[in-house]
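# can you look at this prediction? I've put the sequence above it.
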2 protein chains.
Amino acid sequence: MNTSAATKPHDMLAQALAEEMAAVNRLIQQRMASEHAPRIPEVTAHLVEAGGKRLRPMLTLAAARLCGYDGPHHIHLAATVEFIHTATLLHDDVVDESGQRRGRPTANLLWDNKSSVLVGDYLFARSFQLMVETGSLRVLDILANAAATIAEGEVLQLTAAQNLATDESVYLQVVRGKTAALFSAATEVGGVIAGAPAAQIQALYKYGDSLGVAFQIADDLLDYQGDSMATGKNVGDDFRERKLTLPVIKAVARATPQERAFWQRTIEQGKQHDGDLQTAMALMEKHGTIKATRDDAVGWADKARMALDTLPDDPLRDMLRDLAAYVVARLN
Amino acid sequence: MNTSAATKPHDMLAQALAEEMAAVNRLIQQRMASEHAPRIPEVTAHLVEAGGKRLRPMLTLAAARLCGYDGPHHIHLAATVEFIHTATLLHDDVVDESGQRRGRPTANLLWDNKSSVLVGDYLFARSFQLMVETGSLRVLDILANAAATIAEGEVLQLTAAQNLATDESVYLQVVRGKTAALFSAATEVGGVIAGAPAAQIQALYKYGDSLGVAFQIADDLLDYQGDSMATGKNVGDDFRERKLTLPVIKAVARATPQERAFWQRTIEQGKQHDGDLQTAMALMEKHGTIKATRDDAVGWADKARMALDTLPDDPLRDMLRDLAAYVVARLN
């Protein structure tokens, strides 16, 4: 697969949906304003202008269009999904003490924790206002459930963190919460607002869910592979923050008693020294967990692509299919 | 007015609505559970068991009953309102570094900031699920708007804090956000779910709004008057945290140049010494701002009581009326 800049599936989607994305951006600008609290757009502009890829709103637009929608409300839903995403980033910044996001300082370094929490709450409330405007209780149901799953996944991640008992099933629950729940809601509501048949809505849900899982596994793998210029993250951040992601979980499962002691010291007790990251990466290579993790990601991406078979034959469907392939092609 | 324990209007309401409040409590217990993240009920139980007065859910139940509602959904809405309230308390704890709430340590001392943010998010999402179950888009609209106003008010409070330019109109906007928006939404949705006539819904909104403003002004005044046994707060907490509440705002407006320098040093610059709280209270007494603030609170309580004239003659209406009087009677 050709992954040069010109043919990135993400850019193809952005071109195909350019007019609608412009409308989404206008709506976002409009709704994040606040008459009484000028700090709100200051904080959000920082995130919005940093130019996330707007992947989630594009998924909603593409899903609605693919199902033949020609009304105005997919714009509201796309903005909703981006607001929820931005709110979770803001709250994540309070939580994670991560040093970088999208290559820029995180909000809570530029602003304070207080602003991050409260502005996140504001965006979350605004997102529900946008949903109400669509007049669809089913859409509200799906996105309220997604919001609960997101928060639950993040709390689960807290309790699972730094605990070597965290296994692949717990990891998958966390990933569903922190990433896949919003991806699947984004695609599902596109189908719902279009009044698509149940089988298509189910397929869109499945596409979003599998894509989200593939995306997060790939992201976690890139933490040990990527270069910080491309990902905006430093290699080994997750290790230093003692996060149990899939390649480590697999390595812990296959560890000798001596290796297990290493993981206990570095992850559970957090006593890390120079060279530990290199040792960790060597252990992952030794047990083939980098490759095994990549295989898992590819498997989820395949599921995502297959889910699309139920949907109408359309250039947008091809782009969504290519997107699933691209998410894991980054890993090669 | 007799304010002994036996006849507190709050207790009268609790008696009159005992059966429904039990149903609300069951629903709250049920919905704050989480299959995957046991930390969630641990964190919320701390707040829920601390036994807040459950004032807001009682307002919703009373409003619905007063308008003749006999369906099941006021229970959902009462639980919704309590979830939103609890979520804002959790997020407030992250924000304020306040040492006590309801006489117990705040969540973020027992737990960490992360848990407070994420569990608050979970409750907020759960509250929207409960609203969706009522099937009323109008209710969702009112509560989504209230949630946005709450967050906006809290952000405004951040920017207004420690700034002597904060005047009474900014204070009122903050109070509407942090307190009155949820009170008025709580009463309004009770009328809406009951299908009450527009004039009654408007009256319920006005009652909740005025009651909320009176309540918050009284709360801010008690910070300089109350004893910490009764209020769970220490006298002068707001002064030490450099919060510009109404009695201080009025004193700043009437300050001599020398007094203004005192406020600049203690509130704007935060350079506080022993005896400053006593000086601050003496200045408020000198300019009569304690009394003026109490008069404002009483004025809002009167507005609340008068708003009830539009509603049906009913023992519940009398209790709501007494409640408005009681909120400010605490000040005498």
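Yep, that arrived. Keep in mind that what you see is a predicted model, and the values were worked out from it rather than measured.
# find the closest residue to chain B in the stretch 201-332 of chain A.
With C-beta to the nearest C-beta, the shortest gap between the stretch 201-332 of chain A and chain B falls at A:Glu241, namely 12.4 Å. From N, CA and C alone the C-beta is placed, and that goes for glycine too.
# just give the number of residues close to that residue.
If you count neighbours by other C-beta atoms under 10 Å in any protein chain shown, A:Glu241 ends up with 16.
# how about the one 3 residues further on?
Here the neighbour count serves as a burial measure; for A:Leu244 (other C-beta under 10 Å) it reads 26.
# leaving aside the residues next to it on the chain, what's closest to it?
The shortest distance from A:Leu244 to any non-neighbouring residue, by C-beta to C-beta, 6 or more residues apart in numbering or on different chains, is to A:Thr166 (4.6 Å).
# do stretch A:148-156 and chain B meet at all?
Yes. Stretch A:148-156 lies within reach of chain B by C-beta under 8 Å from any C-beta of the partner chain, at A:148, A:150-156.
# list the ones among these that fall in helices.
In helices, judged by DSSP state H, the following of those are found: A:148, A:150-156.
# what about burial for those, which qualify?
A:148, A:150-156 (16 or more other C-beta atoms under 10 Å in any protein chain shown).
# and which of those residues is nearest B:Val170?
Checking those against B:Val170 by C-beta to C-beta gives A:Ala151 as the nearest, at 32.0 Å.
# what pLDDT does that closest one get?
According to the prediction, A:Ala151 has pLDDT 93.
# what's the answer for A:Lys303, then?
Per-residue confidence (pLDDT) for A:Lys303: 98.
# and it, what helix or strand is that in?
helix A:289-307 (DSSP states H and E).
# who are the packing partners of that helix?
Applying 3 or more C-beta pairs under 8 Å, 6 or more residues apart in numbering or on different chains; DSSP states H and E, we find helix A:289-307 packed against helix A:198-225, helix A:246-253, helix A:315-329.
# quick one: distance of the last one to the chain centre.
Computed by C-alpha atoms, centre = their mean, to the nearest Å, the separation of helix A:315-329 from the middle of its chain amounts to 16 Å.
# which of the residues in that helix are classified as buried?
Buried residues in helix A:315-329, counted by 16+ other C-beta under 10 Å: A:316-317, A:319-329.
# with the shortest one instead?
Buried positions in helix A:246-253, judged by neighbour count with 16+ other C-beta under 10 Å: A:246-252.
# one more: the longest one?
Residues A:200-201, A:203-225 are the ones in helix A:198-225 that count as buried (16+ other C-beta under 10 Å).
# tell me the contacts of the one residue sitting closest to the centre of chain A?
The centre of chain A sits closest to A:Thr179, judged by C-alpha atoms, centre = their mean, with a distance of 3.9 Å. Residues near A:Thr179 by C-beta atoms under 8 Å, 6 or more residues apart in numbering or on different chains: A:212-213, A:215-216, A:219.
# pretty sure it is in a helix, no?
Yes. Using DSSP: H, G, I helix; E, B strand; the rest coil, the assignment for A:Thr179 is a helix.
# for the stretch 1-150 of chain A, which residues are neighbours of chain B?
Within the stretch 1-150 of chain A, the positions near chain B by C-beta under 8 Å from any C-beta are A:34, A:36-40, A:88, A:91, A:94-95, A:113-115, A:117-119, A:121-122, A:124-126, A:128-129, A:131-132, A:135, A:137, A:140-141, A:144-145, A:147-148, A:150.
# sort out for me which of those residues are in helices.
Among the residues of the stretch 1-150 of chain A next to chain B, DSSP H puts A:39-40, A:88, A:91, A:94-95, A:113-115, A:117-119, A:121-122, A:124-126, A:128-129, A:131-132, A:137, A:140-141, A:144-145, A:147-148, A:150 in helices.
# select, from the buried residues of helix A:315-329, the two members most distant in space.
Between any two of the buried residues of helix A:315-329, the greatest separation by C-beta to C-beta is 20.3 Å, found for A:Leu316 and A:Val328.
# shaky segments in the stretch 101-250 of chain A?
Residue ranges of the stretch 101-250 of chain A with pLDDT under 70: A:101-111, A:226-233.
# I'm done for today, thanks for sticking with me.
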